[in-house]
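In: Below is the sequence, then the predicted model.
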Amino acid sequence: MTGYNSKGDVATSNGNHRNGHSNGSSSNGDRPADDLAQENQTDNGRIQCSLTPEELRALRVLNEDTYPYEVIQEIADFIVKGAGMRPKIGIICGSGLGSLADIIQDAKIFEYEKIPNFPVSTVEGHAGKLVVGHLEGAIVMAMQGRFHFYEGYPLAKCSMPVRVMKLCGVEYLFATNAAGGINPKFAVGDIMLMHDHVNMLGFAGNSPLQGPNDPRFGPRFPALVNSYNKDLINKALEIGKSMGIESNMHVGVYSCLGGPTYETIAELKALRMMGVDAVGMSTVHEVITARHCDMKVFAFSLITNKCSTEYSDKKDEEANHDEVMSVAKNRQKACCELVARLVREIHAQS
Ligand SMILES: O=P(O)(O)O[C@@H]1C[C@H](O)[C@@H](CO)O1
């Protein structure tokens, strides 16, 4: 166990000085770590760390799954300074929906690898770029590529970019995803506006808010009723109507499972009994993080495949990522129009 105090001291449960080397030697010559630890012992029993604040921060980011406020602030400052603008709306592009970021004008593009302390995208259909620019008069920032739990990232890391958005100035989060339709009324290509979720990873005791709470982001125990902004849902429904796609638009409940496996028939039956309409592997932890820091949330699922709850031998009824990507590509125009018009409405009101 490692503990940090507010002065940047570091203490380890075995009394060893923590310096990033596992063999007990340190950057202070060849002296054993125990000697240094004794010498650097402070009154409170903790060990005075000889690392610079920068080294300590880098070590912490590498080894820990939580991102301190100051690190998030640094990432946000890097983006705002690099873009030369402060976004108000954040967009997370779901699988195959990266084109939502292609409609942004005067775009400043940041590859994830080049953003300090940012994770990298590993999934096909998630380009790994952050795009900041203008859309329908508003300044927006879009993630062309999100982070999923099944990639090996802890939930806090998956949704860390939402906090970056917040500290960049973002007030509205638009989260989009590709999902399997469990509600038998849903067809492939339909859009489901999320009005609630079932957090299956939360049922299993996993949350992006696990660990010490930093009140600068939000409260220890945030309420999640009314997480999905009703005004934005109603506006999106109106937009859908004027686009002539109202019969392909629904309002429903999304559930996130850990993936990367698609669901079994028994799991799908269980989800349906719980009132779930669409199932995926993302979004919920992003929404939790956004609501924790008081962002307004709009989210939708593009139904890329139907999830039958009947046993069948037919191979073509099995979900697969190629189909997910190809449906998303076919429906990108409608998704882009919906997002752009909702951004326009928000901008017009402000
Ligand atoms: O990032 P999203 O939630 O849109 O991606 C879904 C879930 C998996 O990552 C992938 C499965 O096909 O699509």
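Out: Thanks, I have it.
In: Over to the spatially most central residue of the chain: give its phi and psi.
Out: With distances taken as Cα atoms, centre = their mean, Ser159 lies nearest the centre of the chain, 3.2 Å away. The phi and psi values for Ser159, taken as degrees, to the nearest 10, are phi -100, psi 10.
In: is it true that it touches Glu286?
Out: Yes. Contact criterion Cβ atoms under 8 Å: Ser159 and Glu286 qualify, at 4.7 Å. All C-beta atoms are positioned from the backbone trio N, CA, C, and that covers glycine.
In: For these two, list the residues in contact with both.
Out: Counting by Cβ atoms under 8 Å, 6 or more residues apart in numbering, the contacts common to Ser159 and Glu286 are Pro208.
In: Look through the stretch 201-350 of the chain and state the residue closest to the ligand.
Out: For the stretch 201-350 of the chain and the ligand, the shortest gap (Cβ to the nearest ligand atom) falls at Ser282, measuring 3.3 Å.
In: Can you name the residues that contact that residue?
Out: 94, 146, 148, 158, 175, 177, 256.
In: So which of these sit within strands?
Out: 175, 177, 256 (DSSP state E).
In: re the thing from before, let me know the distance separating the residue nearest to the centre of the chain from Tyr262.
Out: 22 Å (Cβ to Cβ, to the nearest Å).
In: so what's the residue of the stretch 201-350 of the chain closest to the ligand closest to, chain neighbours aside?
Out: Asn177 (5.2 Å; Cβ to Cβ, 6 or more residues apart in numbering).
In: in the sheet, who's paired with that neighbour?
Out: Ser301 (DSSP bridges).
In: now do Val131
Out: Ile109, Ala142.
In: burial measure for it, as a count.
Out: Neighbours of Val131 under the rule other Cβ atoms under 10 Å: 24.
In: Please look at it and Gln105 and confirm they touch.
Out: No. In this structure, Val131 is not within contact of Gln105 by Cβ under 8 Å, at 10.3 Å.
In: Any residues of this protein in contact with the ligand? List them.
Out: 94-95, 123, 146, 148, 177-178, 259, 280-282, 321, 324 (Cβ under 6 Å from any ligand atom).
In: give me that answer again for 8 Å
Out: For the chain, the residues in contact with the ligand (Cβ under 8 Å from any ligand atom) are 93-97, 123, 125-126, 146, 148, 150, 176-179, 256, 259-260, 262, 280-283, 302, 304, 319-321, 324-325, 328.
In: Is there a quick PyMOL command that grabs whichever of those residues are buried?
Out: The PyMOL selection below is limited to those of the residues of the chain next to the ligand classed as buried (16 or more other Cβ atoms under 10 Å):
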select buried, resi 93+94+95+96+97+123+125+126+146+148+150+176+177+178+179+256+259+262+280+281+282+283+302+304+319+321+324+325+328
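In: And His195, how far from Lys329?
Out: 26 Å.
In: Equivalent analysis for His197, please.
Out: Taking Cβ to Cβ, one finds His197 at 26 Å from Lys329.
In: likewise Asp277?
Out: Taking Cβ to Cβ, one finds Asp277 at 23 Å from Lys329.
In: more neighbours, these two?
Out: Asp277 (26 against 14).
In: For that one, which non-adjacent residue is closest in space?
Out: Using Cβ to Cβ, 6+ apart, the nearest residue to Asp277 is Gly252, at 3.3 Å.
In: Mind jotting down where the strands sit in this protein?
Out: Counting by DSSP E, the strands of the chain are 2-4, 10-12, 89-92, 105-111, 129-135, 138-144, 172-181, 191-199, 249-256, 278-280, 296-306.
In: one step back: residues in contact with the closest residue to the residue nearest to the centre of the chain other than its chain neighbours?
Out: Nearest residue to Ser159, sequence neighbours excluded (Cβ to Cβ, 6+ apart): Thr289, at 3.9 Å. Thr289 is in contact with 159-160, 162-163, 208-209, counting by Cβ under 8 Å, 6+ apart.
In: switch the cut-off to 6 Å
Out: 159, 162, 208 (Cβ atoms under 6 Å, 6 or more residues apart in numbering).
In: what number of residues lie near Val225?
Out: Neighbours of Val225 (other Cβ under 10 Å): 7.
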